[in-house]
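S.K.: mind folding the following:
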Amino acid sequence: MPCSCLKPTRTPCFPCVFAAVPYFKDKADGGIHQHSISNDYSWFGPYLLSDQLTLTASTVVHTHVNSNGTRLSDGQSSFAGVILTDLYPEIISVFLRHYIEKLDVPEASRARTVAYAVTGSSAAPGLMLAVSTVTGETYSEVSTPDKDHRARKRTLSHVVALHDPAIYKCDAVCLTTSCNCVAAPMAESGHPLIAAAALDVTSTSFSVGGERFLMRTADFDAYKLKLLVGVIVPEEPYTLGSRRRTRVAMFVAVGISLGILLVWSAVQHLLIVRPLSQVSRGIKAMGDMRLDDAARLTPRNSSFITTIDRLLRGFQSARLHLLAWRTQETQRRVMLEKERAARNLASVVEAQTNASQLMHPMVLVSAATFLGLGKLTSYETLRGQGKLTFLDTLEQLVAFREAKKVVFLSHQWLGWGAPDPDGEHYTAMSAATKLASYMLLPGMPEAQAFELMYVWVDFGSIAQEHRGMQVMAISSLPVYSAYSDAFIVVAPPTKHAQTGLSCNLGSYSTRGWCRAEMLSKVCGSGLKHMYVYHGMDDKSGDKLEPVTVESLKQLSLHVFDGNFSCCALKHVNCTRCDKQELALPVLGLYSLVLTRRSQPHMAEVAQIIQQDKARFFPSHIDFTTGEHAEHHERRPLLDGLIEVMEEYVGVKEATHEVSIICVPAPVGSGVEKGATSDSPSL
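M.R.: Numbers count the residues shown, from 1 in each chain. A predicted model of the protein is given here:
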């Protein structure tokens, strides 16, 4: 059925084709061609029916029976008719609208965006069907309680000028409706963008007039229509919009990422970093044994993160165990301190008792016997020969001194294991003994004086083979020196047998044992009746030189700074140093100074000690063994004992329980032969 061409109206439409173009046509061979199946749309043209533009698809119907209902033989058929299907362009419009929305064409590009529809496919595009621009937003009413509410949608404009050259080819300039137009192939479209796109509909971009355009195509296969629809967009606005959207998307992604990162950081800090930091600070505090601070710095006891929970529980368990250990250790240390305080107090009491009592008999040899020995003889030898006098108690010593005189001889040993290998000191001691007899027993014949005077000398008066007896004798040195009528330092110029070093008063004052004997004399009875004998060849002459406060400064009393043979020999075959053996005796000497510091002659000694107390009473000593000092050990000496002694003596003085050695004053004071003046009393 042909259609008649109508004039355009306000209804969106495509221009129609004149009746010269049938809806279907026969092939030259007289057969029937089914156009919708063969994709041949050359017969087709849109037309306007009842003010509504329609597209018509046709289907040719054949029958295999005749008019009588008899089936035709040999598979023959006869033409029965044509079924026409009218399709509104709005169907294609909706498809294109959704497609454009899917492409996300920016607003700046929509005014120049072109949508088209042609017959065929991307492999073989055919005739133009429609060309349209994309309009803005339109509104349609919807059934809602609010009558003012309108739904927005985007649509395509179907307004096309009559005889639009973008779609149709006309045989003449169509100034009226009486012209013949047919649908134009896509490549011959009057629209330059469509004609350029027809060169390669599979291309996604092309250039026209120096400007780049983007194209997207899709196949429309609905309602037995095989159409190709496409959208052409200017590249620059689309790209700018795409870049802008990309930037926005990137900013949004970055913002979301930052937000997630911040949230994760906060969660991580709260659940991981903070507990680990607390545990770290707690462990450090626990390492310093600040367990209370460790508990405060690590308040958490558990966590739902397994690893951190185990760490927290392990930390708290370790802290509790350390807390229990600290409590036990504190109690143990309190007990140890109490025991140490008790030991220190016992040592102080023992030292003071030993200093004021005769802990070992005072062993003497008469001057007559000593002068007849010919050399220094050991304690064991003299004892075996019955030449020693033993005073077992302090009472016996006091009674003995009422009729006899006692001379204390102090000297430096000139050999290791032998006090006087060449007898040089014995000669000097004999001379000093004679001078002492002249001083102590003036005017008395020598033979009688030598019978009344007795000598104390370390090698002959202290056991050399019994260590226990040595220690007890050393503890009694203050009593020995205090109850002696004269204390004589024998230091003639000579040399050491092994080292070859010079031995004189200077070397004497460096020896630890010599310093111990001098300190015993000074602390026991002060500087009175203390003398130095330099020998016959000394410039001072053959005399006993009194020791004064000034000359004492040249004779060091720092016992533990002195030289000891055991230290020089690296303590071979001995487990204790001589300094350790002297610790309690020196502590006892200090107690004598404290109890008698108010006396004039002892005040000077107390002042000397107070000026350098740390050197007088060191808390520890270094014990070295081995030829090359392979083993070095720091041992306690007077650690804490000096303070305990001072406190103990202070308490005793406050309660008037201090015992003081009372020493009878010796008779005679002359220092040269024949002197007759009395010496000052102690």
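S.K.: surely residue 233 is in a strand?
M.R.: Yes. Residue 233 sits within a strand when classified using DSSP: H, G, I helix; E, B strand; the rest coil.
S.K.: number of nearby residues for it?
M.R.: 25 (other C-beta atoms under 10 Å). C-beta coordinates here come from the backbone N, C-alpha and C atoms, glycine included.
S.K.: residue 115 is in contact with residue 220, isn't it?
M.R.: No. Assessed by C-beta atoms under 8 Å, residue 115 is found out of contact with residue 220, at 11.8 Å.
S.K.: which one's more surrounded, those two?
M.R.: Using other C-beta under 10 Å as the criterion, residue 115 and residue 220 rank with residue 115 on top: 24 against 18.
S.K.: what's opposite that one in the beta bridge?
M.R.: For residue 115, the beta-bridge partners are residue 132, residue 231 (DSSP bridges).
S.K.: report pLDDT for it.
M.R.: pLDDT recorded at residue 115 is 82.
S.K.: do the same with the one 4 residues further on
M.R.: Confidence per residue is given as pLDDT, and for residue 119 that number is 78.
S.K.: I'd guessed it sits against residue 185; true?
M.R.: No. Residue 119 lies out of contact with residue 185 (C-beta under 8 Å); the separation is 9.4 Å.
S.K.: about what we covered before: list residues touching both of residue 115 and residue 220?
M.R.: Common contacts of residue 115 and residue 220 (C-beta atoms under 8 Å, 6 or more residues apart in numbering): residue 229.
S.K.: now do the strands in the stretch 451-600 of the chain.
M.R.: 453-457, 486-490, 494-495, 502-503, 530-533, 545-546 (DSSP state E, counting those that start in this stretch).
S.K.: what angle sits between the helix or strand where residue 409 lies and strand 453-457?
M.R.: Here residue 409, judged by DSSP states H and E, is contained in strand 405-411. Using axes from the mean of the first three to the mean of the last three C-alpha atoms, to 10 degrees, one finds that strand 405-411 and strand 453-457 are set 30 degrees apart in direction.
S.K.: how distant is strand 405-411 from the center of its chain?
M.R.: 66 Å (C-alpha atoms, centre = their mean, to the nearest Å).
S.K.: export only the CA atoms of that strand, formatted as PDB.
M.R.: Output in PDB follows, covering the C-alpha atoms of strand 405-411 (Å, rounded to 0.1, in the frame of the first residue of the first chain):
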ATOM      1  CA  LYS A 405     112.400  -1.200 130.200                       C
ATOM      2  CA  VAL A 406     110.900  -2.300 126.800                       C
ATOM      3  CA  VAL A 407     112.300  -1.100 123.500                       C
ATOM      4  CA  PHE A 408     110.200  -1.700 120.300                       C
ATOM      5  CA  LEU A 409     112.500  -2.000 117.200                       C
ATOM      6  CA  SER A 410     110.800  -1.400 113.800                       C
ATOM      7  CA  HIS A 411     112.700  -2.000 110.600                       C
END
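S.K.: can you pull the poorly scored residue ranges out of the stretch 351-500 of the chain?
M.R.: Applying pLDDT under 70 to the stretch 351-500 of the chain flags no residue at all.
S.K.: show me what contacts the closest residue in space to residue 286 that isn't next to it in sequence?
M.R.: Nearest non-adjacent residue to residue 286, counting by C-beta to C-beta, 6 or more residues apart in numbering: residue 294, 4.3 Å away. For residue 294, the residues meeting the contact criterion (C-beta under 8 Å, 6+ apart) are 282-283, 285-286, 319.
S.K.: would you turn those into CSV with secondary structure, distance to residue 201 and neighbour count?
M.R.: Converted to CSV, the contacts of residue 294 look like this (DSSP: H, G, I helix; E, B strand; the rest coil; distance: C-beta to C-beta, whole Å; neighbours: other C-beta atoms under 10 Å):
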residue, secondary structure, distance to residue 201, neighbour count
282, helix, 74, 25
283, helix, 74, 17
285, helix, 78, 19
286, helix, 79, 21
319, helix, 79, 19
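S.K.: using JSON lines, lay out those together with pLDDT and distance to residue 216.
M.R.: Formatted as JSON lines, those follow (pLDDT from 0 to 100; distance: C-beta to C-beta, whole Å):
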{"residue": "282", "pLDDT": "88", "distance to residue 216": "65"}
{"residue": "283", "pLDDT": "88", "distance to residue 216": "65"}
{"residue": "285", "pLDDT": "88", "distance to residue 216": "69"}
{"residue": "286", "pLDDT": "87", "distance to residue 216": "70"}
{"residue": "319", "pLDDT": "88", "distance to residue 216": "70"}
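S.K.: show me which of the residues you listed is closest to residue 359.
M.R.: Nearest to residue 359, judged by C-beta to C-beta, of these is residue 286 at 51.6 Å.
S.K.: now for the chain, the helix or strand with the poorest mean pLDDT.
M.R.: Ranked by mean pLDDT, DSSP states H and E, the weakest helix or strand in the chain is strand 47-49, scoring a mean of 33.
S.K.: who's in contact with stretch 368-380?
M.R.: By C-beta under 8 Å, 6+ apart, stretch 368-380 touches 363, 387-388, 419-420, 423, 425-426, 429-430, 433-434, 447, 450-451, 455, 457, 459-465.
S.K.: can you rerun that using 7 Å?
M.R.: 363, 387, 419-420, 423, 425-426, 430, 433, 450-451, 455, 457, 459-465 (C-beta atoms under 7 Å, 6 or more residues apart in numbering).
S.K.: next one: stretch 546-556
M.R.: Contacts for stretch 546-556 (C-beta under 7 Å, 6+ apart): 509, 515, 518, 527, 530-532, 604, 671.
S.K.: surely residue 201 and residue 217 touch.
M.R.: Yes. Residue 201 is within contact range of residue 217, at 5.7 Å (criterion: C-beta atoms under 7 Å).
S.K.: on that earlier part again, ok, the residue nearest to residue 286 to residue 318 distance?
M.R.: Taking C-beta to C-beta, to the nearest Å as the measure, residue 294 falls 9 Å from residue 318.
S.K.: looks to me like the residue nearest to residue 286 is in a helix.
M.R.: Yes. Residue 294 sits within a helix when classified using three-state DSSP.
S.K.: read off the pLDDT value for it.
M.R.: For residue 294, the predicted pLDDT is 85.
S.K.: and the gap between it and residue 282?
M.R.: From residue 294 to residue 282 the distance is 4 Å (C-beta to C-beta).
S.K.: and what of residue 310?
M.R.: 15 Å.
S.K.: do residue 637 as well
M.R.: 41 Å.
S.K.: any idea how many residues pack against residue 288?
M.R.: For residue 288, the neighbour count with other C-beta under 10 Å is 10.
S.K.: my bad, residue 586
M.R.: When neighbours are defined as other C-beta under 10 Å, residue 586 has 27 of them.
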